[in-house]
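# Any chance you can model this:
(chains A and B)
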Amino acid sequence: EVQLVESGGGLVQPGGSLRLSCTASGFTFSTDSMNWVRQAPGKGLEWVSYITSSSSTIYYADSVKGRFTISRDNAKNSLYLQMNSLRDEDTAVYYCARDPGGNSGAYYFDYWGQGTLVTVSS
Amino acid sequence: DIQMTQSPSTLSASVGDRVTITCRASQSISSWLAWYQQKPGKAPKLLIYKASSLESGVPSRFSGSGSGTEFTLTINSLQPDDFATYYCQQYSSYWTFGQGTKVEIK
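Numbering: from 1, shown residues only, chains lettered A, B, ... in the order given. This next block holds a predicted model:
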């Protein structure tokens, strides 16, 4: 059974930093691209970042570019999101989501974690 | 950037109804469109990919159609479990979601 479990969320002051983790199981993590998607309270979904299986290609949404860094450790079946210079508008539930396309990429998201809440507030 | 616009934002329907949600892209995205269902406090669930391909395990009452800039998600014979919010997502150029359509009980 595919499982994605996020952790690392919490309350942080504006300007602060936080590192999210997503631990994968039930599939060959090292062959699939991964994503972070966020959802502000009561709002819709916003794609945040994408990383290929080998970390050779990385993309960011304009809203987080220069502040967030996506990475992965295939030996630990883990995906990360380092978030720096956090702003009030970064408050959201952050989900990790799998691209099921393997090395070719499918570019939609078939499995999602349960999410971890990040609250940016003074 | 490609913008995705869903309509309606809210839809009131009864069990057994046929429901249609529309998603429009600001430019052509071919068939690179997915649909997701989300219930309160839960992660989104993939329903449809490549505009009309049904994800494994998703009931056949869900169907998707369209290409280019206009797409639809249809739910035939709405079931109690289907009351949720639905999102379209383009993956032609990066990723953008529609604002969501809440399907509520009439």
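
# contacts and neighbour counts: CA atoms only from here.
Noted.

# Not counting sequence-adjacent ones, nearest residue to the spatially most central residue of chain A?
Closest residue to the average C-alpha location of chain A: A:W36 at 2.7 Å, with CA atoms, centre = their mean. The shortest distance from A:W36 to any residue other than its chain neighbours is 4.5 Å, reached at A:C96 (CA to CA, 6 or more residues apart in numbering or on different chains).

# need the strands for chain B, in chain order.
With DSSP state E applied, chain B shows strands at B:4-7, B:10-13, B:19-25, B:33-38, B:45-49, B:53-54, B:62-67, B:70-75, B:85-90, B:96-97, B:101-105, listed in chain order.

# what about the ones you listed, which gets the closest to A:S85?
Comparing the strands of chain B by their distance to A:S85 (CA to CA), the top pick is strand B:96-97, with 23.8 Å.

# And that closest one, what does it pack against?
Helices and strands in packing contact with strand B:96-97 are listed as strand A:45-51, strand B:85-90; criterion 3 or more CA pairs under 8 Å, 6 or more residues apart in numbering or on different chains; DSSP states H and E.

# which residues sit against the longest one?
Just to be clear, that refers to strand A:45-51. When contacts are taken as CA atoms under 8 Å, 6 or more residues apart in numbering or on different chains, the neighbours of strand A:45-51 outside the stretch itself are A:33-39, A:57-61, A:64, A:70-71, B:95-99.

# that older thread, need phi/psi at the residue nearest to A:W36.
Here the main-chain torsion angles of A:C96 (degrees, to the nearest 10) amount to phi -100, psi 150.

# One more: A:E89?
Its backbone dihedrals place A:E89 at phi -70, psi 0, with angles given as degrees, to the nearest 10.

# Against B:S53, how distant is it?
In this view, A:E89 and B:S53 are 35 Å apart by CA to CA, to the nearest Å.

# got it, and A:A97?
For A:A97, the distance to B:S53 (CA to CA) stands at 19 Å.

# swap in A:E1?
Computed as CA to CA, the A:E1 to B:S53 distance reads 22 Å.

# who's more crowded, those two?
Under the criterion of other CA atoms under 10 Å in any protein chain shown, the comparison of A:E1 against B:S53 puts B:S53 first, with 14 against 5.

# Nearest spatial neighbour of A:I51, chain-adjacent residues omitted?
Nearest residue to A:I51 in three dimensions, chain neighbours excluded: A:I58, at 4.6 Å (CA to CA, 6+ apart).

# Double-check that neighbour against A:K65; I have them as touching.
No - using CA atoms under 8 Å as the test, A:I58 is too far from A:K65 to be in contact (11.0 Å).

# Only the buried residues of stretch A:8-21, if you could.
Within stretch A:8-21, the residues that count as buried by 16 or more other CA atoms under 10 Å in any protein chain shown are A:9, A:12, A:14, A:17-21.

# Please apply the same query to stretch A:111-122.
Counting neighbours by 16+ other CA under 10 Å, one finds that the buried residues in stretch A:111-122 are A:111-121.
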